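No letters, just coordinates:
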């Protein structure tokens, strides 16, 4: 009688790939990434066929249109994915640099060597492209990764799994270093989140419910954001045209994302001139406005905000507006309602810009720029695996460097402790 | 009828000191540190009297001598503490620097601003000096801190608490930013560890049981090491005299600490000449040797090691010895038994030194230096709040920088997302 291999055994085996990954050169890891790009290119037909299976199941189950859209692959999306993999391969190696190297008065040389974090568990929802991207970032940074994709993407990710293993093995790396677990049940996920002897980090990516589930059940450190309640403060004396363009872009460019604008804070002195402008622009873009009573007279078509409209992630074409007396009041509002994700100020005043940058508590704080720019790609990170709203390890968008850590490397000549 | 203020309310109030701390200048924070040094100097008599109370209680309760020694203050220890506080005040401000500043092709300027982590809970055992040092490091780095000292140090820490508040307030900072909770019960500690809406980080410092309790009960991220099982590998061709001095220093300098040597790995070709030397030296220092069977013939006075002698933290005058065939076998032993704390190699060979530095998985890896040097002071960090064996956020000794994080600060000129 053969027994099915336990999850814990599988994860232990995956953890055993870490020494080989850690010792591998950047050239080899890049070769695996380019190999994966080529394999995905060559397997387009099979991948699209598997994806069609997932899509017809999703339609049968009457899943929401937004989810079906995220689930869907197309030749265009596959080409973008392949291009992204090649771009990741061409980024500098995040490993091996020695930072802060110094020779101490004792003669001891001390530095910090960039090393991989170890074994990462990535728990995500429907988007199959996110699976390949996360795997690529883990591999580039010398980490092993276990991916639990959304069950809606089961056929697609099952078709993707052997390509990942083949790309790794062709480059001489252990195939299990990237392991997809499309079959993992809810109970299996709970068990996975308890294996802190093997797994170093959990990254959930998806809706608030998924993230909360992972956070509450994990014995392993979790990097996550629950939600993005992003504010933009239009300061006294701000350029109205710039503020208008920034607010509209931040709200309507992609309202369903975490860095979309949810609440506009406006200095009371700008209300009478700025609010009618921005109100008309929002409404012409189909955005519903809820507002504090003081702003209401300047916002034709707006309705009075309920208390829980502040601090809310609308995830759609709706925005809250609040008048404030000054910068301090804007910062107090952000302290009360912000989610440590993205906060922006529109101002001409240098000093207030500096105060806002220092005191608005968020992983990304912007001056005269759209909140939608809080994104690894837009901020020059090259690639992004998520946005952290916890301050430990990584705060804000997480790129390749956030998937690494450093260890102290010390070289002496018989140095003792006295 | 008045109700006692709940723990959660107290912690919420402490969290409210964060904006003032974050906005404070380094000069002000240093002024508070120097004020604290002076207050402790002026209150020596009261502090020593309170400490005598704790000590007589400890003797009455027949606590172990080692614990009573850690608990004890003296004029010398107080002077060292005061000097340490002044040294911390004179270190560079860990806050406010902008790192990795760049202007992207889009014209957007992006940098990472060093900011405090937030509110730290520090859970420790008997040493009263550790309480003041942790408070000083938190304050220097702009964090608020809640300290739960060991109950054995209750009188001493109760006498220390008003000095901390006075030092803060005299500098114009909120007195609650450093709060000691000497009265907190076991259940209270459990409640504290659940307040993840206010507390950003927990640092336990003490024995394995304390750390395990904190780790298992915390809903807040924990930076910790359970134990230090430190190895030293004596490579083929190593300088025997150097290896002897390093091994003896690493074992006997302070055997009760986490960076003391627990297991000596010796290349088989060096066994016949090196082992008798090191064996005699250890025994003359009162160190008991347990060894693998292959090394036993070269170690008069040693006994055969039991399987669980490997991977064990003896915390006393005892050492395990294991012969290995080569560097690979040494690394495999460390992978199996190490605790990600401190690993050392003694070698003359540059290439093997590099391989060891890269592949030994520990927060601190040393070449030709004593494991006892893995300490914030010895490695140039200025001060240390603990040694982390988890890879997230900080790996190895944690100095002031490890009590900070960065946020993205972005400056544009009306930049939109397209």
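Good, I have the coordinates. In this text the structure is predicted, and so the values were computed from the model without any measurement.

Residues touching stretch A:23-43, excluding its own?
A:21, A:47, A:78, A:81-82, A:85-86, A:88-90, A:93, A:95-96, A:132, A:135-136, A:139-140, A:142, A:159-160, A:163-164, A:166-168, A:170-173, B:358-359 (CB atoms under 8 Å, 6 or more residues apart in numbering or on different chains). (Glycine included, C-beta is placed from N, CA and C.)

pLDDT of that stretch, averaged?
Mean pLDDT, stretch A:23-43: 97.

Run the chain-centre distance for that stretch.
Distance of stretch A:23-43 from its chain centroid, counting by CA atoms, centre = their mean, to the nearest Å, is 23 Å.

same deal with stretch A:313-324?
Relative to its parent chain, stretch A:313-324 has a centroid offset of 22 Å by CA atoms, centre = their mean.

May I have the distance across it, first residue to last?
20 Å (CA to CA, to the nearest Å).

can you give me the helices in chain A?
Taking DSSP state H, the helices of chain A run over residues A:7-15, A:18-23, A:26-42, A:44-60, A:65-71, A:75-90, A:128-140, A:154-170, A:186-192, A:208-217, A:240-252, A:271-284, A:327-337, A:350-359.

just those helices: most buried one?
Mean neighbours per residue, mean count of other CB atoms under 10 Å in any protein chain shown, is largest over these for helix A:128-140, with a mean of 25.

do that one and chain B meet?
No - judged by CB under 8 Å from any CB of the partner chain, helix A:128-140 and chain B are separated, with a smallest distance of 14.0 Å.

mind showing which ranges of chain A have poor pLDDT?
A:1-4 (pLDDT under 70).

Residue most distant from the centroid, it?
residue A:418 (47.0 Å; CA atoms, centre = their mean).

Which residues are in contact with residue A:148?
Residue A:148 neighbours (CB under 8 Å, 6+ apart): A:121-124, A:181-182, A:184, A:189, A:192.

ok, 7 Å please
By CB atoms under 7 Å, 6 or more residues apart in numbering or on different chains, the contact set of residue A:148 is A:123, A:181, A:184, A:189, A:192.

Please verify my assumption that the last one contacts residue A:121.
Yes - the pair residue A:192 and residue A:121 qualifies as a contact (CB atoms under 7 Å) at a distance of 6.1 Å.

can you list the residues of the stretch 101-250 of chain A near chain B?
The stretch 101-250 of chain A comes close to chain B at residues A:102, A:104, A:108, A:110, A:113, A:117-118, A:200-201, A:221, A:242, A:245-246, A:249, as judged by CB under 7 Å from any CB of the partner chain.

looking at those, which has the most residues close by?
residue A:246 (31 neighbours; other CB atoms under 10 Å in any protein chain shown).

wait, what's in contact with that one?
With CB under 7 Å, 6+ apart, residue A:246 has these contacts: A:232, A:346, A:370, B:414, B:416.

Same question for residue A:175.
A:165, A:168-169.

now check stretch A:275-293, is it near chain B?
No - Stretch A:275-293 does not reach chain B (CB under 7 Å from any CB); its nearest approach is 13.4 Å.

Could you tell me how far that stretch lies from the centre of the chain?
For stretch A:275-293 - counting by CA atoms, centre = their mean - the centre lies 29 Å from the chain centre.

neighbouring contacts of that stretch?
Applying CB under 7 Å, 6+ apart, the external contacts of stretch A:275-293 come out as A:240, A:244, A:247-248, A:251-252, A:266, A:295, A:298-305, A:309, A:317-323.

Ends of that stretch, what's the gap?
13 Å.

cool, and stretch A:134-153?
15 Å.

ok so, going back, let me know the closest of the contacts of residue A:148 to chain B.
residue A:123 (16.7 Å; CB to the nearest CB).

got a list of what that closest one touches?
A:148, A:189, A:202, A:204, A:210, A:214.

Kindly recompute the last result at 6 Å.
Going by CB atoms under 6 Å, 6 or more residues apart in numbering or on different chains, residue A:123 touches A:148, A:204, A:214.
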